[in-house]
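[1] below is the sequence, then the predicted model.
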Amino acid sequence: MSAAMTSYLVENARVFDGTGAPATPAEVLVAGNRIAVVADRVPRDRCAGAVVIDGRGAVLMPGLVDGHTHLGFGSTVEHVSSRTEPDAEKTLLTAHCGRVMLDHGFTSCYSGGNRMPAADVAVREAFAAGWLPGPRLRAASWEGSAGMVSPGHYDFPGVGGRTPDPDSVVGFVDAMADLGVDIVKLSLTGESAVVEGTSRVMQFFEEEVAAAAEAARRRGIWLTAHAHSAEAVKLAVKHGVRAIYHVSFADEEAIDMLADARDRVFVAPTPGIIWAHLNDRERPPTEGMETRETFESVCRVAPELHKRGVRLVIGGDYGFALNPIGRNARDLRLFVEWFGLSPAEALRCATQYGGEIMDMGDELGLVREGYLADLLLVNGDPTVDITVLEDRANLAMVMKDGRIHTLEPSRRRVFGAEHGAA
Ligand SMILES: [Zn+2]
């Protein structure tokens, strides 16, 4: 464990602390896996033995947190998954995706679902122990859908033609909890990008959602909802679902309910996947995919939620071949370009709110004394130009849990080499 006890002094940097305030010059001392000091000048008697990292005017900021990525879909900027690999290979792909996320500055991830939830759980443990590189992970179930058919089977038949079956939903929640997931995901609506015309078709009865919510509370785990329609969003809020994805067609009443629940709910409006479909040259969106309508509607809903104080998180359904992991920071730009947030406000969605969706808001997501040392050193200023985070080459350092994942070699020296020591 001696490597984890190394201390680091970051000097000549400007610090974006994650709250949305502008970046200002400061020094940061990391000791073990925590931020020990944030100050204009760290007392040099605390720096003995530290490795000095020269900021050279770059911006030091919290590691990014993604609120909706699928490690299990297996596609990254380095490798495309066929999605038909044998299970053992799917597990390797889940691990691969974690490493690529970390390479791109994502030090935490709130999983959007995995067809092999046991793989999400396994990599969560391996990433936490540090023997595989990857983000802090909240592991998720596969996406429960109407009739609780098998993982990876998406037909979205809707609730018509069947009777409510709360027992099977409770059985699903219990089975997932037994595997050790943190999150159970329910596809409350279909998805027109997968099965045309289903984004506003309810897949669950209210009594099933209520039963799932009660089971999740009993097991001490969270619910996430895939919810495009207003009706689905309302049901999710009413029954205490913690993270709500898409919210594309939320109406006034749904927006009011989200605003009233702002202290307990997180919303990922997932612009990344919409962008990917709009820009897909090989398979331009068909009318039935409702891509345009989804885009236009979410561009009305998301800014309103932001204005009303609802915590939006980034995470645009990354992990598909069309929308690979490694492009996650595109959501930040779309929060600015599509939803009208300032760059600093968009960053806060990925830092402070990220720490909060991980349920670690008192120790994750900010550059603050006592917080976990998940830090990026960024060439360029993302509070001015949010797009600098889309290019991995701008990440001079990625640190997770006080350990260097990547660092430009020329930035590093031993304390005392140029300072008269202590
Ligand atoms: Zn998703």
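    Received it, and whenever you're ready, just let me know what you need.

[2] C-alpha only now, for contacts and for neighbours.
    Will do.

[3] can you list contacts of stretch 269-282?
    68, 245-248, 284-285, 291-292, 294-295, 298, 302, 312-318, 322-323, 328, 330-331, 334-335 (Cα atoms under 8 Å, 6 or more residues apart in numbering).

[4] what about 7 Å?
    Outside stretch 269-282, the residues within contact range by Cα atoms under 7 Å, 6 or more residues apart in numbering are 245-247, 284-285, 291, 295, 302, 314-317, 322-323, 330-331, 334.

[5] kindly report the same for stretch 207-216.
    164-166, 169-170, 173, 222-223, 239-240.

[6] spatially, which two of these are the most separated?
    Farthest pair in the contacts of stretch 207-216 (Cα to Cα) is 164 and 222. Separation: 22.0 Å.

[7] between these two, which is the more surrounded one?
    A direct count of neighbours by other Cα atoms under 10 Å for residue 164 and residue 222 places residue 222 higher, at 22 against 15.

[8] residue contacts, the more buried one?
    So residue 222 contacts 182-184, 216, 242 (Cα under 7 Å, 6+ apart).

[9] apply 10 Å and report the result again.
    Contacts for residue 222 (Cα atoms under 10 Å, 6 or more residues apart in numbering) come out as 140, 173, 177, 181-185, 212-213, 215-216, 240-243.

[10] mind listing the residues bridging to it?
    residue 183 (DSSP bridges).

[11] all the helices of the stretch 101-250 of the chain, residue numbers only.
    Secondary structure of the stretch 101-250 of the chain, counting by DSSP state H, counting those that start in this stretch: helices at 117-129, 166-179, 206-219, 230-238.

[12] give me whichever of the ones you listed is most buried.
    Here the criterion is mean neighbour count by mean count of other Cα atoms under 10 Å, and of the helices of the stretch 101-250 of the chain the winner is helix 230-238, at a mean of 22.

[13] what separates it from the chain centre, distance-wise?
    How far helix 230-238 lies from its chain's middle: 22 Å, per Cα atoms, centre = their mean, to the nearest Å.

[14] what helices or strands is that helix leaning on?
    helix 206-219, strand 222-229, strand 243-249, helix 252-260 (3 or more Cα pairs under 10 Å, 6 or more residues apart in numbering; DSSP states H and E).

[15] of those, which approaches residue 374 most closely?
    Closest to residue 374 of the helices and strands packed on helix 230-238, according to Cα to Cα: strand 243-249, at 22.9 Å.

[16] list the strands paired with that closest one, with their directions.
    Based on DSSP bridges, the pairing partners of strand 243-249 within the sheet are strand 222-229 (parallel), strand 266-268 (parallel).

[17] next, the angle from it to helix 230-238.
    Relative orientation of strand 243-249 versus helix 230-238 (axes from the mean of the first three to the mean of the last three Cα atoms, to 10 degrees): 150 degrees.

[18] re the thing from before, output the helices and strands packed on helix 230-238 in CSV; the columns should cover distance to residue 235 and mean pLDDT.
    Listed next are the helices and strands packed on helix 230-238 as CSV, based on distance: least, Cα to Cα, whole Å; pLDDT from 0 to 100:
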stretch, distance to residue 235, mean pLDDT
helix 206-219, 7, 97
strand 222-229, 9, 98
strand 243-249, 11, 98
helix 252-260, 9, 98
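
[19] so which of the ones you listed comes closest to residue 132?
    Nearest to residue 132, of all those, is strand 222-229, at 25.5 Å by Cα to Cα.

[20] circling back: would a markdown table of the helices of the stretch 101-250 of the chain with distance to residue 277 be doable?
    Listed next are the helices of the stretch 101-250 of the chain as a markdown table, based on distance: least, Cα to Cα, whole Å:
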| stretch | distance to residue 277 |
| --- | --- |
| helix 117-129 | 26 |
| helix 166-179 | 31 |
| helix 206-219 | 30 |
| helix 230-238 | 22 |
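
[21] residue 402: which of these is closest?
    Nearest of the helices of the stretch 101-250 of the chain to residue 402, taken as Cα to Cα: helix 117-129 at 12.2 Å.

[22] now do that closest one: which elements does it pack against?
    On a contact count with 3+ Cα pairs under 10 Å, 6+ apart, helix 117-129 meets helix 87-103, strand 136-138, strand 140-144, helix 166-179.

[23] so what are the domain limits for this protein?
    Split into domains by automatic domain parsing, the chain comes to 2-62+368-414, 64-357.

[24] return the most buried member of these.
    Stretch with highest mean neighbour count among the domains of the chain: domain 64-357 (a mean of 21; mean count of other Cα under 10 Å).

[25] list the contacts for residue 242?
    Neighbour list for residue 242: 183, 221-225, 236, 261, 264-267, 357 [criterion: Cα under 10 Å, 6+ apart].

[26] which one of those is nearest to residue 44?
    Within the contacts of residue 242, the smallest distance to residue 44 is 35.8 Å, found for residue 357 (Cα to Cα).

[27] which of the contacts of stretch 207-216 lies closest to residue 33?
    When these are ranked by distance to residue 33 (Cα to Cα), residue 222 comes first, at 27.0 Å.

[28] quickly note the distance from that closest one to residue 236.
    12 Å (Cα to Cα, to the nearest Å).

[29] shared neighbours of those two, anything?
    Jointly contacting residue 222 and residue 236 under the rule Cα under 10 Å, 6+ apart are 213, 242-243.

[30] which residues touch residue 116?
    Taking Cα under 10 Å, 6+ apart, we find residue 116 in contact with 72-73, 87, 90-91, 94, 140-142, 151-152.

[31] related to what we said a few turns ago, dump the helices and strands packed on helix 230-238 to a markdown table, plus distance to residue 108.
    Formatted as a markdown table, those follow (distance: least, Cα to Cα, whole Å):
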| stretch | distance to residue 108 |
| --- | --- |
| helix 206-219 | 23 |
| strand 222-229 | 17 |
| strand 243-249 | 16 |
| helix 252-260 | 24 |
